[in-house]
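Undergrad: Provided below are the primary sequence and the corresponding predicted coordinates.
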Amino acid sequence: MENKIDNKSTGTFLDNIHDEDYERPYLSKMVTSSDMIFDNYREKESLNGYWNFQIDQYDTCIRAKWYEEEYKLESGMYQPVDYDFDSWDTIKVPSCWNTQNERFYYYEGPAVYTRTFRYENRGEERVFIKFGAVNYEAKVFLNKKYIGMHRGGSTPFFIEVTGLLEESNRIIVVADNTRKKEAVPARNTDWFNYGGVYRDVEILRLPETFIKDFRISLVPNSNFKKIRVQLEVDGRQLNEKAIIEIPKLNITKEINCVNGKADFEIKADPELWSPEKPRLYDVKVNYLFDSIQDKVGFREIKADKTGIYLNGQRIFLKGVCTHEESVPNGKAITEEEIMENFNLAKQMNCNFMRLAHYPHTEKAARIADKVGILLWEEVPVYWAIDFKNHDTYKNAENQLTELILRDTNRASVIIWSVGNENADTDDRLEFMSSLAKKAKEIDPSRLVSAACLVDTDNLMIKDRLTDYLDIIGLNEYYGWYAPDFNDLIKLLDNSNPQKPVIVTEFGADALKGARGTFDDLGTEDCQLYVYRKQTETLDKIPYIQGTTPWILYDFRCPRRTNPLQLEYNRKGLLSEDKSYIKPAYYVMKEFYATKKY
Ligand code: GCU
């Protein structure tokens, strides 16, 4: 390769090989929660399907600007290029590349997705492209132009493309699932690092002025007789009338937006949403030429030192944890697979699920609204996050905000979790208490929690973060990582928390069908013993107001390599394909059948 001695720019795509700061210019177009648009039930056009795909280990698409499709030098002579989009293999969108081709199973790094599509302008004035999620980072290009990037592998993002679409278009997405110290999550987790454009990609056509945000919920402490509506519109006409209709409540109300916003209360007497009776109401809002709708349940969730209250009734959260994963689809799980998980939980007498450790697809909360399951949703502030790094904090805060804005109207979601198993340090306290305050500020109608660690030095439930939480989540593995159950009893006796505690993880590995004595690690007998001891111990503790054992079914984890694991975490109550129920499942079923609170 000819290499100019003075390193003077060759004026070609070869310049990039000497530039290790090539990413900097792209950071100026970071897409965040402020770009989100209310899109529930909006008509959208799908860009799902088979896209051309190429793993790109050296990030050459970005370095050499493949997206510019510049084949000629300034002299007009052709230059050699290292790509040919249309000749590449194809991959299904949405999907995780890991499950689409065994060559990509373990791949971590940048990968290039591209497709062409036709677009017919029908006089709409604003156009956006929505990505349900890309793990972990996405840079997006349209018709040779860079249009934005997003960080965070589990939340949606919207990019405005008004005026950029032609009759025939090419979109390119560089998805990069490289694990990084400063990312959220960071480099070390206990789940499989799937990559790709794994949720829907859609086009949204909107009028010049449109409804950007719409939130509706029961006003806490209003004796279930008041509904709060928050509205935000985007465009030039920001001071017009909005009309909200809830036909089954005989509500039609006009309200004036002022500078694009409205925040008002309406007297109402809705049938309250609950897991037993998941009543949803059709809600419609019109503003000028825009109209949106949603299906909303009205319920109140509260917690104080005496317990957790749903619609004023004391409740024990009978839950179970689950990752977002299936054997065939990885993180790109289908609605059928979500329904299967919820049904398995309900058959275990659950009323609650902890969606660990990151925002699951928005379809999950929508289904939970319909079938009646309460949800804990969480951002992946997991283990050793770069708590000193302000950019890392802004990333975590953005993912939390995107999650809350996305699911704000979902009655099933009762708890926002700001993280999992983080050592109690000053930097972590500052970082996660700020997240907890942010969640409360954005959404005062829900509870805030986190899955905290046992204070093993003092054998207590003691973590400074709990001062900022409504509910204390506690991960404890007595009978497994901490073998001595007597310590669990001491821990519980030593503690006197002034707010409800949910044991957000307990459990033990068991390979399906593996049998042995009660202390044979990795056998069903051992898991069964742990579950029996855990439930009988926790049942006696008044401040324990919920349990979500770890975990509904086995899941992929490359760190787990012994013969019983074979790159799976085997703490599931079912096998990884959910075809086999382990005996400990029935311990939870029985425990929840009679547990009052
Ligand atoms: C931790 C962690 C989980 C992990 C589990 C385990 O508590 O929160 O993500 O999978 O323990 O070790 O199995």
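TA: Now that the structure is in, tell me what you want to look at. Numbers count the residues shown, from 1 in each chain.

Undergrad: helix, strand, or coil at the residue of the stretch 51-200 of the chain found nearest the ligand?
TA: Closest to the ligand within the stretch 51-200 of the chain is Asp190: 3.7 Å, counting by C-beta to the nearest ligand atom. No exception for glycine: its C-beta is placed from N, CA and C like everyone else's. Taking DSSP: H, G, I helix; E, B strand; the rest coil as the rule, one finds Asp190 in the coil state.

Undergrad: give me the nearest residue to it, chain neighbours excluded.
TA: Sequence neighbours aside, Cys557 is the residue nearest to Asp190 in space, at 5.6 Å (criterion: C-beta to C-beta, 6 or more residues apart in numbering).

Undergrad: and Arg118, by the same measure?
TA: Distance criterion C-beta to C-beta, 6+ apart; nearest residue to Arg118, sequence neighbours excluded, is Ser168 at 5.7 Å.

Undergrad: that neighbour against Thr116, yeah?
TA: Yes: using C-beta atoms under 8 Å, Ser168 is in contact with Thr116, at 6.2 Å.

Undergrad: compare these two (neighbour count), which wins?
TA: Each of Ser168 and Thr116 has its neighbours counted (other C-beta atoms under 10 Å); Thr116 has more, 13 against 10.

Undergrad: which strand residues bridge that one?
TA: Beta bridges link Thr116 to Arg170 when assigned by DSSP bridges.

Undergrad: enumerate every residue touching it.
TA: Contact partners of Thr116, counting by C-beta atoms under 8 Å, 6 or more residues apart in numbering, are Ser168, Asn169, Arg170, Ile171.

Undergrad: try 10 Å
TA: By C-beta atoms under 10 Å, 6 or more residues apart in numbering, Thr116 lies in contact with Trp51, Asn52, Phe85, Asp86, Asn143, Ser168, Asn169, Arg170, Ile171.

Undergrad: same deal with Thr209?
TA: By C-beta under 10 Å, 6+ apart, the contact set of Thr209 is 125-126, 233-238, 240, 257, 260, 287-290.

Undergrad: now, which of those lie within helices?
TA: Using DSSP state H, no member of the contacts of Thr209 falls in helices.

Undergrad: mind listing what's buried in stretch 377-391?
TA: Within stretch 377-391, the residues scored as buried using 16 or more other C-beta atoms under 10 Å are Glu377, Glu378, Val379, Pro380, Val381, Tyr382, Trp383, Ile385, Asp386, Phe387, Asn389.

Undergrad: if you skip the residues just before and after it, what's nearest to Phe53?
TA: Ile91 (3.8 Å).

Undergrad: next up, phi/psi of that neighbour, please.
TA: phi -140, psi 150 (degrees, to the nearest 10).

Undergrad: what number of residues lie near it?
TA: Close neighbours of Ile91, defined as other C-beta under 10 Å, add up to 20.

Undergrad: OK, contacts around it?
TA: By C-beta under 10 Å, 6+ apart, the neighbours of Ile91 are 50-54, 97, 100-101, 104, 111, 113, 196-197.

Undergrad: among these, which one has the most neighbours?
TA: Within these, neighbour counts (other C-beta under 10 Å) peak at Gly196, which reaches 33 neighbours.

Undergrad: show me what that one is bridged to.
TA: Asn135.

Undergrad: could you report the pLDDT at it?
TA: Reading off the confidence values, Gly196 has pLDDT 98.

Undergrad: could I get the average pLDDT for stretch 518-537?
TA: pLDDT averaged over stretch 518-537 gives 97.

Undergrad: briefly note if that stretch comes near the ligand.
TA: No: using C-beta under 6 Å from any ligand atom, stretch 518-537 never reaches the ligand; the gap is at least 12.0 Å.

Undergrad: got the CA positions of that stretch in PDB?
TA: Extracted in PDB, the C-alpha atoms of stretch 518-537 (Å, rounded to 0.1, in the frame of the first residue of the first chain):
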ATOM      1  CA  PHE A 518     -29.900 -32.400  48.500                       C
ATOM      2  CA  ASP A 519     -26.400 -31.000  48.700                       C
ATOM      3  CA  ASP A 520     -25.300 -32.300  45.200                       C
ATOM      4  CA  LEU A 521     -24.700 -28.900  43.500                       C
ATOM      5  CA  GLY A 522     -26.300 -28.700  40.100                       C
ATOM      6  CA  THR A 523     -28.900 -31.300  40.700                       C
ATOM      7  CA  GLU A 524     -32.700 -30.900  40.800                       C
ATOM      8  CA  ASP A 525     -32.600 -32.300  44.400                       C
ATOM      9  CA  CYS A 526     -30.300 -29.500  45.500                       C
ATOM     10  CA  GLN A 527     -32.400 -26.800  43.800                       C
ATOM     11  CA  LEU A 528     -35.500 -28.200  45.300                       C
ATOM     12  CA  TYR A 529     -33.900 -28.100  48.800                       C
ATOM     13  CA  VAL A 530     -32.800 -24.500  48.300                       C
ATOM     14  CA  TYR A 531     -36.300 -23.500  47.200                       C
ATOM     15  CA  ARG A 532     -37.900 -25.200  50.100                       C
ATOM     16  CA  LYS A 533     -35.600 -23.600  52.700                       C
ATOM     17  CA  GLN A 534     -35.800 -20.200  51.000                       C
ATOM     18  CA  THR A 535     -39.600 -20.100  50.900                       C
ATOM     19  CA  GLU A 536     -40.100 -21.500  54.400                       C
ATOM     20  CA  THR A 537     -37.600 -18.900  55.800                       C
END
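
Undergrad: for that stretch, which residues meet the burial criterion?
TA: Within stretch 518-537, the residues that count as buried by 16+ other C-beta under 10 Å are 522-535, 537.

Undergrad: list the residues that contact the residue nearest the centre of the chain.
TA: The centroid of the chain falls nearest to Pro359 when counting by C-alpha atoms, centre = their mean (1.1 Å). Residues in contact with Pro359 (C-beta under 10 Å, 6+ apart) are 133, 152-156, 324, 365, 377-380, 399-400, 402-404, 406-407.

Undergrad: and if you look at Leu231?
TA: 38, 211-216, 242, 244, 255, 257, 260-264, 285, 287, 292.
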